[in-house]
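Visitor: Output the structure for:
(one chain, ligands or ions: 1)
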Amino acid sequence: MSKEVIAIEGGHLLNGTVRISGAKNATVALIPSIVLAEEPVEISGVPEISDVDALADLLRELNCEVSYSQGVLKVNPANIQNTPLVSEAVEKLRASYYFMGALLGRYKDVTIKMPGGCPLGERPIDLHLKGFEALGATIDWDEEKNIYHLYADELIGTQIYLDFASVGATINIMLTAVRAKGRTIIENAAKEPEIIDVANLLNKMGARIRGVGTDTIVIDGVDHMYGTIHEVIPDRIEAGTFLIIAAAVGNKMLIQNIISQHLDALLSKLREFGVAFEIIGDSIVVYGKLQEPRAMRVTTQVYPGFATDLQQPLTSLLTCGYGRSKITETIYEERFNHCAELVKMGADIIVDWEDASCVIHGPTQLHGARVKATDLRCGAALIIAGLMAEGVTEIENVHHIDRGYDNIDQKLNAMGARITRYLVDD
Ligand code: EPZ
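Guide: Residues are numbered from 1 along each chain as shown. Reported below is the predicted structural model:
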């Protein structure tokens, strides 16, 4: 058996311009939201990633007409049927669980297999389920097949306090509550920009949601939702990944289509690390490679804190910091699988699993090696490390990277990177 690898010849400085695509984590919630509409919905700025293909397949399973070209997704849900979503496509990505909230909202009845997603340790959906129950749903779970059946005679607005400000639970509860009778109040709601984007789409479709971006979201249920057009916000995690790349191997890089406020935490940490950059409208220019970057401490937090999705890419950068850096993870305590791969490339990293942290001693000169992308952002971390390394790095499990980064090889090659893909023997 042969498998595809991404091969990176390291050691080249990058120059030029890159345009950030639409946000993956907004898109994967926007697409399932469409089933709430009774008329066509068009979304532009949709990234070319395999997660989008999987969600489009699920829409087709529900008998929606779907077309996708040049970043524009057109969906006509006029003949939608509430078919059980139990095929393999559901298991390809975790975000398919947004169909749970959306179909429950629209039909008060949904059957769906528990989705997959990146292996980041335990990822329960108890908060989602508690929210659906509070709105009046009964939940049957076939443990053997891992299939959920949720149904309700009536969904009734209520007050829901989230024990943790979960992105997924906030969005999923919103998707059901928009069609519940009366008012729903979500307290301790998550505040990530992707949630605001989803609420904006829902409001354009006729929903009445206020307070997104704060701790308290207020939703007044409506009886019908309509067609609309919407543009996805820029991907702050892709932008963050390119900012880290620019800090690691950039000569002068212009990164376009950024909402810089979404990246405040990363930008402060890059400033602390000694990176020179300038924000110009919706672009950021990063100047030059660092001479003596300083080791630093980073702790992941819910938004607007430092994003967990960027701690893995940041780990690669910190291998060139002088001294002892430490990363502490508070969102996904087991999100350290990238460290063992970076060690294969010569990094000096020790993971303390009990403490959910890792310590990086630097600077170390990374070298090429055969490594595995264990999850999406581990893949990003390895691409960054490959660009920094001497020699050739081969990254296996490229499907993780293709789930979430829109044409990353082409974007980097256009700035002077040397990245190819080929098949190798198992
Ligand atoms: C979203 O995941 C993102 N995924 C993740 O990005 C991101 O890492 C995460 O938010 C945090 O920002 C998508 O948007 C598709 P959570 P989500 O619910 O919604 C616990 C990437 O690389 N929790 O905020 O699953 C959970 O176990 C991906 O792009 C419960 O305990 O995140 C975790 O520890 C990976 N019970 C914490 O909350 C629940 O019911 C945060 O989860 C739900 C969550």
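
Visitor: Could you count how many residues lie near residue 2?
Guide: 9 (other CB atoms under 10 Å). To be clear about C-beta, it is placed using only N, CA and C from the backbone, and glycine gets the same treatment.

Visitor: Centre of the chain to stretch 44-63, how far?
Guide: 15 Å (CA atoms, centre = their mean, to the nearest Å).

Visitor: Stretch 125-136 now?
Guide: Using CA atoms, centre = their mean, the offset of stretch 125-136 from its chain centre is 23 Å.

Visitor: Now do that stretch: everything it contacts.
Guide: The set of residues external to stretch 125-136 that reach it, using CB atoms under 8 Å, 6 or more residues apart in numbering, is 97, 100-101, 104, 114, 139, 150, 152-158, 160, 162-164, 166, 168-169, 172-173, 176-177, 180, 184, 186.

Visitor: Filter these down to the ones in strands?
Guide: Taking DSSP state E, the ones among those that sit in strands are 139, 150, 160, 184, 186.

Visitor: nearest to residue 253, of the residues you listed?
Guide: residue 186 (39.0 Å; CB to CB).

Visitor: rewinding a little: of the ones in strands among the contacts of stretch 125-136, just the buried ones, PyMOL syntax please.
Guide: Selection of the buried residues among the ones in strands among the contacts of stretch 125-136 in PyMOL, burial being defined by 16 or more other CB atoms under 10 Å:
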select buried, resi 150+160+184+186
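
Visitor: show me the contacts for the residue lying farthest from the centre of the chain.
Guide: For the chain, the residue at maximal distance from the C-alpha centroid (CA atoms, centre = their mean) is residue 153, at 33.9 Å. Contacts here follow CB under 8 Å, 6+ apart; on that basis residue 153 touches 108, 136.

Visitor: rewinding a little: among the contacts of stretch 125-136, name the ones in helices.
Guide: When DSSP state H is applied, those are split such that 100-101, 104, 168-169, 172-173, 176-177 fall in helices.

Visitor: Can you sort out which of these also neighbour the ligand?
Guide: Restricting those to those near the ligand by CB under 6 Å from any ligand atom leaves 168-169.

Visitor: Which among the ones in helices among the contacts of stretch 125-136 count as buried?
Guide: Buried among the ones in helices among the contacts of stretch 125-136 by 16+ other CB under 10 Å: 100-101, 104, 168-169, 172-173, 176-177.

Visitor: on that earlier part again, tell me which of the ones in helices among the contacts of stretch 125-136 is nearest to residue 409?
Guide: Within these, the smallest distance to residue 409 is 29.3 Å, found for residue 168 (CB to CB).

Visitor: Check the closest one and give its pLDDT.
Guide: The confidence metric pLDDT takes the value 97 at residue 168.

Visitor: Now the residue lying closest to it once chain neighbours are set aside. Its backbone dihedrals?
Guide: Here the nearest residue to residue 168 in space, its sequence neighbours aside, is residue 128; by CB to CB, 6 or more residues apart in numbering that works out to 6.3 Å. When read as degrees, to the nearest 10, the backbone of residue 128 gives phi -60, psi -50.

Visitor: Show me what from the stretch 201-350 of the chain comes close to the ligand.
Guide: 237, 308-309, 331-332.

Visitor: For those, which single residue is the most surrounded?
Guide: residue 237 leads these on contacts (other CB under 10 Å) with 25 neighbours.

Visitor: coming back round to it: need the buried ones among the ones in helices among the contacts of stretch 125-136 in CSV (columns: distance to residue 123).
Guide: Shown next, in CSV, are those (distance: CB to CB, whole Å):
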residue, distance to residue 123
100, 14
101, 16
104, 20
168, 9
169, 12
172, 13
173, 17
176, 20
177, 23
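
Visitor: Domain parsing of the chain, as residue ranges.
Guide: Per automatic domain parsing, the structural domains of the chain span 2-21+234-425, 24-231.

Visitor: end-to-end on the first one?
Guide: Looking at domain 2-21+234-425, the gap from its leading to its trailing residue is 4 Å under the measure CA to CA, to the nearest Å.

Visitor: All the helices of this structure, in order from the start?
Guide: 24-33, 50-61, 88-92, 98-107, 126-134, 167-177, 193-204, 236-249, 264-273, 308-318, 337-344, 376-388, 398-404, 408-413.

Visitor: tell me the contacts of the closest residue to residue 165 other than its chain neighbours?
Guide: Excluding the flanking residues, the one nearest residue 165 by CB to CB, 6+ apart is residue 190, at 4.3 Å. With CB under 8 Å, 6+ apart as the criterion, the residues that contact residue 190 are 162, 165-167, 169-170, 302-303.
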